[in-house]
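Colleague: next one to model:
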Amino acid sequence: MKTRVPLFITMVVGWITLLTYFLSGVFPGIIAVRYVLAELAIIVAAFALILGFFNLLSVHAMHIVRQHPNWFYSFVLIASMIVMVPLVHGLDLMSAAANGQNLAQQSISGTWMINLYKYVLIPIQSSLAALLPFLLAFAAYRTLRMRRTFGAAVFLLSAILVLLGQVPLFNLGILKNLRDWIVQVWAMAGMRGVLLGVALGITATALRVLIGADRPSSD
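Modeller: I've put the predicted structure just below:
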């Protein structure tokens, strides 16, 4: 009973939402049902996010208390959560109140949050992006050492050509054209194939949930 009721609710809501896209031309008022279901899904997702926040907080707090291996990373995570959510957003609300703004209309992206994102998160992301070419080159080298196959050689050669075409030191037109050809043709084709595979996988999973073959609520 505990698994059948959530499964029944999931199937009914899923089929109703799906049918609203096909029957909206015949029954225009059915679109309102879809909006209501979407709003309910947003509310449920918001509560799930809150529960996930507290669950993450409790798990990493226990790691710190019990001195698990790498517990310092748990401390950094909790400290970041405390700084980002209560402190920074509280400072944004205080700034908005001092400037006479309506607190109900104050979004979470205030001045303090934007500055923290601009001067902390963006430099970290830039540093990680700068390490990516070296990681790709090293991964290609390790792959070629472990598996001396044609695919590994093509991967290493493509990585070297793309890197050389990107570096301003080698300001050669042929390298730039070759890099653009690899990125725009082969890499783009692979990316589109991955996206199509993801879309087909999501569609198949959704159909399995709608017919009751998959039961995510019972996990």
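Colleague: against which helices or strands is the helix or strand harbouring residue 131 packed?
Modeller: In this assignment (DSSP states H and E), residue 131 forms part of helix 122-146. Contact partners of helix 122-146 among helices and strands, from 3 or more C-beta pairs under 8 Å, 6 or more residues apart in numbering; DSSP states H and E: helix 150-166. The C-beta positions use only the backbone N, C-alpha and C, and glycine is treated the same way.
Colleague: pLDDT averaged over the helix it packs on - what is it?
Modeller: Averaged across helix 150-166, pLDDT comes to 78.
Colleague: quick one: contacts of that helix?
Modeller: For helix 150-166, the external contacting residues (C-beta atoms under 8 Å, 6 or more residues apart in numbering) are 133, 136-137, 140-141, 143-144, 170, 175-176, 178-180, 182-183, 186.
Colleague: can you check stretch 55-65 too?
Modeller: 68, 71, 74-75, 77-78, 81.
Colleague: emit the PyMOL select command for whichever of those are buried.
Modeller: Selection command for PyMOL covering only the buried members of the contacts of stretch 55-65, criterion 16 or more other C-beta atoms under 10 Å:
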select buried, resi 74+77+78
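Colleague: any chance of a markdown table for the contacts of stretch 55-65, columns secondary structure and distance to residue 195?
Modeller: A markdown table is the format used below for these (DSSP: H, G, I helix; E, B strand; the rest coil; distance: C-beta to C-beta, whole Å):
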| residue | secondary structure | distance to residue 195 |
| --- | --- | --- |
| 68 | coil | 38 |
| 71 | helix | 39 |
| 74 | helix | 35 |
| 75 | helix | 38 |
| 77 | helix | 31 |
| 78 | helix | 36 |
| 81 | helix | 32 |
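Colleague: list just the nearest of the contacts of stretch 55-65 to residue 42.
Modeller: Within the set of the contacts of stretch 55-65, residue 81 lies nearest residue 42; the separation is 22.4 Å, counting by C-beta to C-beta.
Colleague: who touches the closest one in this structure?
Modeller: Taking C-beta under 8 Å, 6+ apart as the contact definition, residue 81 lies against 53, 56-57.
Colleague: take those residues and keep only those in helices.
Modeller: 53, 56-57 (DSSP state H).
Colleague: ok, so of those residues, who is nearest residue 124?
Modeller: Proximity of the ones in helices among the contacts of residue 81 to residue 124 was ranked by C-beta to C-beta; the top entry is residue 56 with 20.0 Å.
Colleague: by mean pLDDT, which helix or strand of this protein comes out lowest?
Modeller: Using mean pLDDT, DSSP states H and E, helix 89-98 stands out as the lowest-scoring helix or strand of the chain, at a mean of 68.
Colleague: which non-adjacent residue is nearest residue 140?
Modeller: In space, residue 140 comes closest to residue 156 once its chain neighbours are excluded; the distance is 4.0 Å by C-beta to C-beta, 6 or more residues apart in numbering.
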